[in-house]
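Chemist: the following block contains a protein sequence and its predicted model.
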Amino acid sequence: QVQLVESGGGLVQAGGSLRLSCAASGTIFSVNAMGWYRQAPGKQRDLVATMTSRGMTTYADSSVKGRFTISRDNDKNTVYLQMNNLKPEDTAVYYCYCAPDISKWAVKRDYWGQGTQVTVSS
């Protein structure tokens, strides 16, 4: 049973920083793709950033590129999202996910965490 547990969300003023963490269990962490999505009130869940098992990163769009950084520590089975220069429009619930990758030992479907709230005040 794959479990993903996010932490690190909270309330921060515009211009501040937060680091989200997602601890994974129940899978061989290092062979999976990992990433973050976010969902603002009344909006769909959108991709923020992903990192493959080989360390290749993708950022969803220019609004986060340069401010957000995804990283992973395979020894700790944890993926991180460092968020700097936060803006009110970054306010959302942030979800960690674990996805299949090229290894046969990777998960066979997507798994999601329960989400962590990030609120940025102006």
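Modeler: Perfect, I can see it now. Being a predicted model, the structure only gives us computed values, none of them experimental.

Chemist: who's in contact with Asp75?
Modeler: By Cβ atoms under 8 Å, 6 or more residues apart in numbering, the contact list for Asp75 is empty. (Glycine included, C-beta is placed from N, CA and C.)

Chemist: that one: which element?
Modeler: For Asp75, there is no helix or strand it lies in under DSSP states H and E.

Chemist: how many neighbours does Lys43 have?
Modeler: 9 (other Cβ atoms under 10 Å).

Chemist: one more: Ala33?
Modeler: 22.

Chemist: what score does the most centrally placed residue in the chain have for pLDDT?
Modeler: With distances taken as Cα atoms, centre = their mean, Trp36 lies nearest the centre of the chain, 2.6 Å away. With respect to pLDDT, Trp36 scores 97.

Chemist: that one is in contact with Val93, isn't it?
Modeler: No - using Cβ atoms under 8 Å, Trp36 makes no contact with Val93, being 10.9 Å away.

Chemist: which strand residues bridge the residue nearest to the centre of the chain?
Modeler: On the basis of DSSP bridges, Trp36 is bridged to Ala49, Cys96.

Chemist: list the contacts of it.
Modeler: Counted by Cβ under 8 Å, 6+ apart, Trp36 has contacts 20, 22, 47-50, 70, 79, 81, 94-97.

Chemist: do a quick rundown of the strands in the protein.
Modeler: 3-7, 10-13, 18-25, 33-39, 45-51, 57-59, 68-73, 78-83, 92-99, 111-112, 116-121 (DSSP state E).

Chemist: by how many degrees do the fourth one and strand 116-121 diverge?
Modeler: Strand 33-39 runs at 50 degrees relative to strand 116-121, counting by axes from the mean of the first three to the mean of the last three Cα atoms, to 10 degrees.

Chemist: next one: strand 33-39 to chain centre, how far?
Modeler: How far strand 33-39 lies from its chain's middle: 4 Å, per Cα atoms, centre = their mean, to the nearest Å.

Chemist: can you check the first one too?
Modeler: How far strand 3-7 lies from its chain's middle: 10 Å, per Cα atoms, centre = their mean.

Chemist: only C-alpha atoms, please: export it in PDB.
Modeler: Written as PDB, here are the backbone C-alpha positions of strand 3-7 (Å, rounded to 0.1, in the frame of the first residue of the first chain):
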ATOM      1  CA  GLN A   3       1.200   6.100   1.200                       C
ATOM      2  CA  LEU A   4       2.200   9.700   0.700                       C
ATOM      3  CA  VAL A   5       2.200  12.200   3.600                       C
ATOM      4  CA  GLU A   6       2.700  15.900   2.900                       C
ATOM      5  CA  SER A   7       3.800  18.500   5.400                       C
END
